[in-house]
Every structure is written in C-alpha cells, then in structure tokens.
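# compute the structure for the input listed below.
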Amino acid sequence: MSFNATTYQQSIRALSLPVPDSHTLSDIFDIEGDVIVQAIDAFKADNERAKKYLKGILYAVTPATKERLARRGLIVPSMGVLISIGRYEGPDFSAKLKTWDESGQDNCEEARYVRLTLARYLESASKGSATPVQTRLVNNPAAPAATAQSWSSVPPARQGVGNTASQVDQQRAQQRAEAPHPADPGSPEIAWPENESESGSGPDGERYKSFHVYGGKFAACFSEDTTQRGIHTIRVEATEASGQRTYNWKNKVAIQLSQRELPLMLATLMLWTSKFEAKGHGQNNEKWMTLEAQPGKLYLSVQRKGTGARGVAIAAGDAYPITTMIVKQMLANDPFLTADLVFKLAKKQIEIMQHGV
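Got it, this is the predicted structure:
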C-alpha cells in the first residue's frame, strides 16, 4: 500500500487525535505497516480495540510524552520502543505518565507503573524479542479485513535531511528489530493487541506476567511486581463487576505482598496450611487480604477499610499459574536457590509458625 503522510494526517486530525509530524507518521507506518492504516478506518467504524490501539501509539510518540519522560529523569526510548509500548499498553502509559508528571509525586501508583512498564519494554528491545499477538478482532463486520504486511517486507527508504539512504535503511531496520510486529504474517484478520493486564502476556512473550480469576460479582488479578527496594513480589488486585462479564478495574483494591509474605501464601496454595492473611497494607494500614483453603477450591478475599470484601473462588487449575508466579519471584530474589529448596524453605516457615520451633 502506498502511504501519503499528509492524507493520513488529515484523517487523524478528523478523529481528534494527536497528529504526528509527517516524518514520525512515516516511521509509524514503516513499523506497523498497513495495520495502522486499517486501524484509522476501524476507529471511524467505532471499533473499541482499534481505538485503544491507535490512541496508544499516537499518544506514546508525541513530543509531550518524551518531554515528560525526560522531566521525570527517565530514558527517552527510541521510536520503535515507544510504538511498542503504545501498541500493547494502549493510552494508559501516556495518561499515567501525564498524571505522574503533573502531580510531581515520585511514590504514586502512576510513577510505579511508568517505571516498570518502561523498564520491561527497554529490556525486551535489548533482547530483540517479539511478541506474537494472540487476540484477534472478531465479530465486527464494520471493521475492514486485510492481510497483514509480512514481517520480512522492507519499505523503500525515505531520505532524510543529513542522512544517506543507507543510514535511513539501518535506522528503519533497527526500529523493526525493537518493535514486535502487530500481526502474524498471512493472517486474514487485523489483530489489535490487548494490554498486558488483559491478555496475560508481556512484551517479551513470557507467560503469567499477570493472571486473572473471574467470579460472578468480583474478579482478581495476580501480577509480577517489584517493590521500590527492588524486591520481586506479587501484586494482588480485586474489583467488582460493573455489568455482565465486565469489571471496573479503575475501582480496584491493590495489595503488594512483602517478601516475607510470599512463602506463607505459597504454603496455602500448596495446602500446607489452611489460611494465609496479609494485614496492614496501604499507607494507613487500611487494606488486607486472606487466602483460605476450602473444599474443592481456594477462596481469595481482598478488602479495604470502608468497603465490603471482594471475594473470588480459585479453582485447582487456576491455582497453578499463581503458584508458579510466586516461585518465579522468590527465585528472582534468591537466584542461588532451586525450586525444590524454595518449597522446602516455605514449608519450614509454616512449621516455625505452627510449632514455634
């Protein structure tokens, strides 16, 4: 497909989205190919996933985003990394960066999210890894169908001021190496990526970056996390349903487990003890959670002072990825251990607690 930056600048402007300069828009097209063009048409057709995809990329590459990153003392990544962040995180990254920058508070949740997200994508780019998109656009006749551009196709180089054609080729190749392609080659459908918290896979393709458990009234999310002191841990979030199979994650209650709580929660998942309690979380000790073994299941309850408990049952199959996530984080903290030793040490903590020896 031929690409006229001026034409698509006009289309983007009509959608009330930030309009990149022609050079940046051409860079986006070089990396995303026809998918970015199809996303503009799908946006006009009111496709929500296309909206998230397009907003994520266009807000990620704005000068304002780069200025905010620099102002907060963070690395301003290459265009390829910014596009990758926008593709998988949607507009959340830019929105939370703006909130953090305007608040000036370095210990807020937005600061934590931006730092961790940027670190993950920079690490992924340094490894040259790519994430195959698993979620496809389905049941939307308004959205156009298109064959995805092949990963191996290389658009002709456009010569920039002060650059030779060879240099431009090298820059484009580097951008493609840094940014995972948005669709599988030869796929008959456009694949708008969902963000990590929804899909359960991160930019490096690792499984169980996060794992969701859904109930009728509530849902929970278990995610890999890192404390401000660099300790690998688990973040547990719970929210309530806002409709049929939809959940209000903006009103979630989140608890970051301490390092000492990891083996105790692992022990409950392994049924070495019947109940795990995490108390005194939050700035004012206003949040707590329990994980309790019940017949045929585990039951998670997360609560914040002044609100009711948010509980969800965890079936045997769902307990597995949560268990492996905890073990993975414990090994990350103590890489000299083996998984077998982690289990033995966790079991010993329960013996100490139960018998006082």
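# just give me the longest strand of this protein.
Ranked by residue count, the top strand of the chain under DSSP state E comes out as strand 232-243.
# restricting to C-alpha, output that one in PDB.
C-alpha atoms of strand 232-243 as PDB (Å, rounded to 0.1, in the frame of the first residue of the first chain):
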ATOM      1  CA  HIS A 232      10.500  -9.200  43.300                       C
ATOM      2  CA  THR A 233       7.000  -9.900  44.600                       C
ATOM      3  CA  ILE A 234       3.300 -10.300  43.700                       C
ATOM      4  CA  ARG A 235       0.600  -7.700  43.400                       C
ATOM      5  CA  VAL A 236      -2.900  -8.800  44.100                       C
ATOM      6  CA  GLU A 237      -5.800  -6.700  42.700                       C
ATOM      7  CA  ALA A 238      -9.500  -7.200  43.200                       C
ATOM      8  CA  THR A 239     -12.500  -5.400  41.800                       C
ATOM      9  CA  GLU A 240     -16.300  -5.800  41.300                       C
ATOM     10  CA  ALA A 241     -18.400  -6.500  38.300                       C
ATOM     11  CA  SER A 242     -19.900  -3.500  36.500                       C
ATOM     12  CA  GLY A 243     -22.100  -5.500  34.200                       C
END
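# elements contacting it?
Here strand 232-243 is seen to pack against strand 218-226, strand 246-247, strand 253-256, helix 261-269, strand 297-304, strand 310-314, helix 316-333 when contacts are counted using 3 or more C-beta pairs under 8 Å, 6 or more residues apart in numbering; DSSP states H and E. The way it works is simple: take the backbone N, C-alpha and C, and place the C-beta from them, glycine included.
# least confident of these, on average?
When mean pLDDT is averaged over each of the helices and strands packed on strand 232-243, strand 246-247 scores lowest at a mean of 78.
# other SSEs contacting that one?
strand 232-243.
# now do the strand it packs on: everything it contacts.
Contacts made with strand 232-243 from outside it, assessed by C-beta atoms under 8 Å, 6 or more residues apart in numbering, are listed as 216-227, 247-249, 251-259, 262, 265, 289, 300, 302, 310, 312, 325-326, 329-330, 332-333.
# give me the buried positions along stretch 309-319.
Judged by neighbour count (16 or more other C-beta atoms under 10 Å), stretch 309-319 contains these buried residues: 310, 311, 312, 313, 314, 318, 319.
# over to stretch 343-355?
So for stretch 343-355, counting by 16+ other C-beta under 10 Å, buried means 343, 346, 349, 350.
# quick one: distance of that stretch to the chain centre.
Computed by C-alpha atoms, centre = their mean, to the nearest Å, the separation of stretch 343-355 from the middle of its chain amounts to 34 Å.
# so what touches that stretch?
The contact list for stretch 343-355, computed with C-beta under 8 Å, 6+ apart, reads 263, 264, 266, 267, 270, 272, 273, 327, 330, 337, 357.
# how about a cut-off of 7 Å?
Counting by C-beta atoms under 7 Å, 6 or more residues apart in numbering, stretch 343-355 makes contact with 263, 264, 266, 267, 272, 273, all of which sit outside it.
# who wins on neighbours among these?
Tallying neighbours with other C-beta atoms under 10 Å puts residue 266 at the head of these, with 25 neighbours.
# residue 324 is in contact with that residue, correct?
No - counting by C-beta atoms under 7 Å, residue 266 stays clear of residue 324, with 10.2 Å between them.
# any low-confidence regions in this protein?
Residues of the chain that meet the criterion pLDDT under 70 lie in 1-3, 127-208, 243-245, 356-357.
# quick one, helices of it?
Secondary structure of the chain by DSSP state H: the helices cover 5-14, 22-32, 34-44, 48-60, 63-71, 79-89, 92-103, 109-127, 165-178, 196-199, 261-269, 316-333, 339-355.
# of all those helices, which one is nearest residue 283?
helix 109-127 (11.3 Å; C-beta to C-beta).
# off-centre distance for that closest one?
With C-alpha atoms, centre = their mean as the basis, helix 109-127 stands 9 Å off its chain's centre.
# how much space is there between the residue nearest to residue 346 when sequence neighbours are not counted and residue 120?
Here the nearest residue to residue 346 in space, its sequence neighbours aside, is residue 263; by C-beta to C-beta, 6 or more residues apart in numbering that works out to 3.8 Å. Using C-beta to C-beta, to the nearest Å, one obtains 25 Å as the distance from residue 263 to residue 120.
# what's the answer for residue 21, then?
With distances defined as C-beta to C-beta, the gap from residue 21 to residue 120 amounts to 28 Å.
# ok, those two, which is more surrounded?
Set residue 21 next to residue 120 and count neighbours by other C-beta under 10 Å: residue 120 wins out with 20 against 12.
# need the contact list for residue 307.
Residue 307 sits next to no residue when contact means C-beta under 7 Å, 6+ apart.
# pick the most deeply packed of the helices of the chain.
Mean neighbour counts were compared across the helices of the chain using mean count of other C-beta atoms under 10 Å; the top stretch is helix 79-89, at a mean of 26.
# can I get that helix in PDB, CA atoms only?
Below are the C-alpha coordinates for helix 79-89, written out as PDB (Å, rounded to 0.1, in the frame of the first residue of the first chain):
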ATOM      1  CA  MET A  79      10.600   5.400  18.300                       C
ATOM      2  CA  GLY A  80      10.300   1.600  18.000                       C
ATOM      3  CA  VAL A  81      10.100   1.100  21.700                       C
ATOM      4  CA  LEU A  82       7.500   4.000  22.100                       C
ATOM      5  CA  ILE A  83       5.400   2.400  19.400                       C
ATOM      6  CA  SER A  84       5.600  -1.000  21.000                       C
ATOM      7  CA  ILE A  85       4.500   0.500  24.400                       C
ATOM      8  CA  GLY A  86       1.600   2.300  22.800                       C
ATOM      9  CA  ARG A  87       0.600  -0.900  20.900                       C
ATOM     10  CA  TYR A  88       0.400  -3.100  23.900                       C
ATOM     11  CA  GLU A  89      -0.400  -0.700  26.700                       C
END
